[in-house]
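>>> Build me a model:
(chains A and B)
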Amino acid sequence: MRADLELIYDWVPAGAHILDLGCGDGTLLDTLGQRKGVTGYGLEIDPAGLAACLRRGVNVIEQNLDDGLGNFDDDAFDVVVMTQALQALRRPDSMLVEMLRVAPECIIAFPNFAFWKHRLHLSLRGRMPVSRSLPHAWYDTPNIHLSTFRDFANLCREKGVRIADEAVGSADHQPHWTSRRWPNLFGETAIFRVCRGR
Amino acid sequence: MSASFPPDSVGLVTPQTATFETPLPLACGKTLARFELVYETYGTLNAERSNAVLICHALSGHHHAAGYHGADERKPGWWDAYIGPGKVIDTDRFFVVSLNNLGGCHGSTGPGSVNPETGRLWGPTFPVLTVADWVHSQARLADHLGINRFAAVVGGSLGGMQALQWTIAYPERVANAVVIAATPRLSAQNIAFNEVARQAIRSDPDFFDGWYAEREAIPKLGLKLARMIGHITYLSEHSMGSRFGRDLRSDQLNFGYDVEFQVESYLRHQGDTFSTRFDANTYLLMTKALDYFDPAGQHDGNLAAALAPVACPYLVISFTTDWRFAPARSRELVDALLRAGKAVSYVNVDSPHGHDAFLLPNDHYQAVFGSFMQRVYADICGESR
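Residues are numbered from 1 along each chain as shown, chains lettered A, B, ... in the order given. Sure, this is the predicted structure:
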């Protein structure tokens, strides 16, 4: 399993009912289901991802995240997970509020635009960075709302969202000491666990 | 004579008839003292009797879902694209059961059968049926075949409604449900189309209030019109446009009412063919069953409450250009299943072919449907180990 998913795996309590936004091939839900008795649904729009989920027996709903989560009741889940999708949403701020409506706790992982390599790329070359975590050119990228570790923390503060846990990973998503001391500079992937209330 | 069929075809098949002597109470209050169902099976039932898949047919469908009835049969069964060795519903793995519903006109007891009480054809006096009645009669067929639980109950359109009803009426007898291009209840627009079709049939001078068979007449014009309007709703504007456009049959406009456009010719041909092979009373019955279907109706319109008994995983599939049972109708079912906390997956397949897409080959449709059926089979293997 991808290292950022490993961390999320640890953060999801056993037996939880979860919603995985942009669940890809269903690896996380499948693993959580088999090893920790977690139940729930994944939302996905990628055709290959949908078929892969069905082959695994993961419940997957074809649903565009930009259409919101209106089909889910308040507190329908224990945890909402979203990895590598926040930056592709039309309104990540409203999604954060929506996620915390359907569950009291959310885990969100996204590429940290303030990662030092991105900063270097932009400052030395004067061009939008292209990297392992941001592999697209500026004109064809699905990532329309790039943010930094610190930006997201600020958004949480503005929305009255409490940050319960935070972590950053390097290119292979392994946490390392530099990122813990200067997360905004050294973390390539930012992972937050957030709850309602300050 | 040795016939050669494609290697992924179930090949030559022979319909069978099951007779049921135990009375079947119907939703309308009447009871059928006895009835017959015509069905076909493909593949082999395993020792555990756990690999049976029930195929429910749509409005004008019947038991002949796959394979050929003879070497000279031009077209295979109606869902041959999805049933056969190595296909999505793999007959090397599953034992597939497909039947002609009660009230049908392809061998099962219906308006064209003799009413044992009167010795006369049932005709228009055949009881009006509901989807629930069909499901109860199908459960009798399952008993007859020694199938306690289906690995999957599968259906498109009206067949999808039957699959849905199965999971409510007999949750312990369904391990998986696949509901394709269906709806948990018809919209007013859907009912309106059905009513136009019924009126076309009933106003045909050869209808004789449904007693046409005794007079050796067939309300062909009515059936033709009914099928023409139905057919328009099964295709998308795009599929009709790309197939016929505004092409004329001759080079010029004739300023008359004969066939001028290719699409007119096509619709008339479809209607004519249908009017010779389908029974008018059956068409009326089947459209009524469609109109009546509304499992939420007994729960103050709360579909999630109606789905409370459901005990199996669902796969719901819709098609982007289907406007007869639009994707939003499938979403109603999916959202209710989510609210009821049931295991459900949903895919909206991109297709230009409208409602008919559920019968046609499509890579993405085959991939998602096939992936789900692989899982169904894996579960069977896991259980029997």
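
>>> would you list every one of the strands in the stretch 1-150 of chain B?
B:16-20, B:24-25, B:31-32, B:35-42, B:52-56, B:83-84, B:89-90, B:95-99 (DSSP state E, counting those that start in this stretch).

>>> neighbours around B:Gln270, how many?
By other Cβ atoms under 10 Å in any protein chain shown, 17 other residues sit near B:Gln270. Glycine gets a C-beta too; all of them are placed from N, C-alpha and C.

>>> how about it, secondary structure?
Taking DSSP: H, G, I helix; E, B strand; the rest coil as the rule, one finds B:Gln270 in the helix state.

>>> How about the contacts made by it?
Neighbouring residues of B:Gln270 by Cβ atoms under 8 Å, 6 or more residues apart in numbering or on different chains: B:227-228, B:231.

>>> related to what we said a few turns ago, redo the strands of the stretch 1-150 of chain B as a markdown table? Include distance to chain A.
Putting the strands of the stretch 1-150 of chain B into a markdown table (distance: least, Cβ to the nearest Cβ, whole Å) gives the following:
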| stretch | distance to chain A |
| --- | --- |
| strand B:16-20 | 33 |
| strand B:24-25 | 36 |
| strand B:31-32 | 39 |
| strand B:35-42 | 23 |
| strand B:52-56 | 16 |
| strand B:83-84 | 19 |
| strand B:89-90 | 14 |
| strand B:95-99 | 20 |
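
>>> just so I know, which of those lies nearest B:Ala378?
Nearest to B:Ala378, of all the strands of the stretch 1-150 of chain B, is strand B:89-90, at 12.2 Å by Cβ to Cβ.

>>> Look up the pLDDT of the residue sitting nearest the centre point of chain A for me, please.
Among the residues of chain A, the smallest C-alpha distance to the mean C-alpha position (Cα atoms, centre = their mean) belongs to A:Thr83, namely 2.5 Å. Per-residue pLDDT puts A:Thr83 at 92.

>>> same deal with A:Ala171?
Among the per-residue scores, A:Ala171 shows a pLDDT of 56.

>>> Same question for the one 3 residues further on.
According to the predicted model, the pLDDT of A:Gln174 comes to 64.

>>> how about the helices in the chain?
Since you didn't name a chain, this refers to chain A. Chain-ordered helices for chain A, with DSSP state H as the definition, fall at A:3-11, A:27-36, A:47-56, A:92-102, A:116-125, A:149-158, A:177-181, A:183-186.

>>> The intended chain is chain B.
With helices called from DSSP H, chain B shows them at B:131-144, B:158-169, B:188-202, B:220-234, B:237-244, B:262-277, B:280-292, B:303-306, B:327-339, B:363-384.

>>> quick one, the second one and strand B:95-99 angle?
Read it as helix B:158-169. For helix B:158-169 against strand B:95-99, the angle by axes from the mean of the first three to the mean of the last three Cα atoms, to 10 degrees is 110 degrees.

>>> Show me what helix B:158-169 is packed against.
Under the contact criterion of 3 or more Cβ pairs under 8 Å, 6 or more residues apart in numbering or on different chains; DSSP states H and E, helix B:158-169 touches strand B:52-56, helix B:131-144, strand B:152-156, strand B:177-180, helix B:280-292.

>>> and that helix with helix B:327-339, angle?
Note on geometry: by the same axes, to 10 degrees, helix B:158-169 and helix B:327-339 are set 10 degrees apart in direction.

>>> One more: the longest one?
Angle of helix B:363-384 versus helix B:327-339, following the same axes, to 10 degrees, is 30 degrees.

>>> Cross-check the contact I'm expecting between B:Leu303 and B:Val334.
No: in terms of Cβ atoms under 8 Å, B:Leu303 does not count as a neighbour of B:Val334; the distance is 10.4 Å.

>>> and these two? which has more neighbours close in?
When B:Leu303 is set against B:Val334 and neighbours are counted by other Cβ under 10 Å, the residue ahead is B:Val334, at 25 against 21.

>>> where does the more buried one sit relative to B:Gly160, distance-wise?
Computed as Cβ to Cβ, to the nearest Å, the B:Val334 to B:Gly160 distance reads 12 Å.

>>> what residues are up against the residue in chain B that chain A sits nearest to?
Per Cβ to the nearest Cβ, B:Ser371 is where chain B lies closest to chain A, at 3.9 Å. Neighbour list for B:Ser371: A:51-52, A:54-55 [criterion: Cβ under 8 Å, 6+ apart].

>>> how close does it get to A:Ala51?
Between B:Ser371 and A:Ala51 the computed distance is 5 Å (Cβ to Cβ).

>>> Same check on B:Phe319?
Between B:Phe319 and A:Ala51 the computed distance is 16 Å (Cβ to Cβ).

>>> How about B:Ser157?
23 Å.

>>> got the buried residues for stretch B:76-88?
By neighbour count on 16 or more other Cβ atoms under 10 Å in any protein chain shown, the buried set for stretch B:76-88 is B:76-85, B:87-88.

>>> er, stretch B:164-176 I mean
Of the residues in stretch B:164-176, those scored as buried under the neighbour-count criterion (16+ other Cβ under 10 Å) are B:164-170, B:173-176.

>>> wait, which of those residues is closest to A:Leu21?
Of all those, A:Leu21 sits closest to B:Asn176, with 25.5 Å by Cβ to Cβ.

>>> So which bits of chain A are right by chain B?
Counting by Cβ under 8 Å from any Cβ of the partner chain, the positions of chain A adjacent to chain B are A:41, A:47, A:50-63, A:71-73, A:76.

>>> What's the PyMOL line that selects buried ones from these?
Listed next is the PyMOL selection for buried residues among the residues of chain A next to chain B, using 16+ other Cβ under 10 Å:
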select buried, chain A and resi 41+47+50+51+52+53+54+55+56+57+58+59+60+61+62+63+71+72+76
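
>>> circling back: return the most buried member of the helices of chain B.
helix B:158-169 (a mean of 26; mean count of other Cβ atoms under 10 Å in any protein chain shown).

>>> Just want the angle from it to helix B:280-292.
Orientation of helix B:158-169 against helix B:280-292 (the same axes, to 10 degrees) gives an angle of 50 degrees.

>>> contacting residues around A:Pro183?
A:Pro183 sits next to A:112, A:149, A:166, A:168, A:190 when contact means Cβ under 8 Å, 6+ apart.

>>> how about the residues you listed, which pair is most distant?
Checked with Cβ to Cβ, these reach their widest spread between A:Asn112 and A:Glu166, with 11.0 Å between them.

>>> When those two are compared, which one has more neighbours?
Neighbour comparison, A:Asn112 and A:Glu166: the larger count goes to A:Asn112, with 29 against 17 (by other Cβ under 10 Å).

>>> contacting residues around that one?
By Cβ under 8 Å, 6+ apart, the residues touching A:Asn112 are A:118, A:148-149, A:168, A:183-184, A:187-190.

>>> now the residues you listed in CSV, with pLDDT?
Converted to CSV, the contacts of A:Asn112 look like this (pLDDT from 0 to 100):
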residue, pLDDT
A:His118, 88
A:Thr148, 91
A:Phe149, 89
A:Val168, 84
A:Pro183, 80
A:Asn184, 78
A:Gly187, 84
A:Glu188, 84
A:Thr189, 87
A:Ala190, 89
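
>>> If you rank these by neighbours, which is first?
Neighbour counts for these, by other Cβ under 10 Å, peak at A:Ala190, which reaches 29 neighbours.

>>> Relative to B:Ala139, how far out is that residue?
To B:Ala139, A:Ala190 is 55 Å away according to Cβ to Cβ.

>>> now swap in B:Leu158 and tell me
Relative to B:Ala139, B:Leu158 is positioned 18 Å away (Cβ to Cβ).

>>> got it, and B:Thr19?
For B:Thr19, the distance to B:Ala139 (Cβ to Cβ) stands at 16 Å.

>>> what's the answer for B:Pro219, then?
Computed with Cβ to Cβ, the distance linking B:Pro219 and B:Ala139 is 33 Å.

>>> cool, A:Asn184 as well?
According to Cβ to Cβ, A:Asn184 stands 63 Å off from B:Ala139.

>>> cool, B:Phe5 as well?
With Cβ to Cβ as the criterion, B:Phe5 and B:Ala139 are 32 Å apart.
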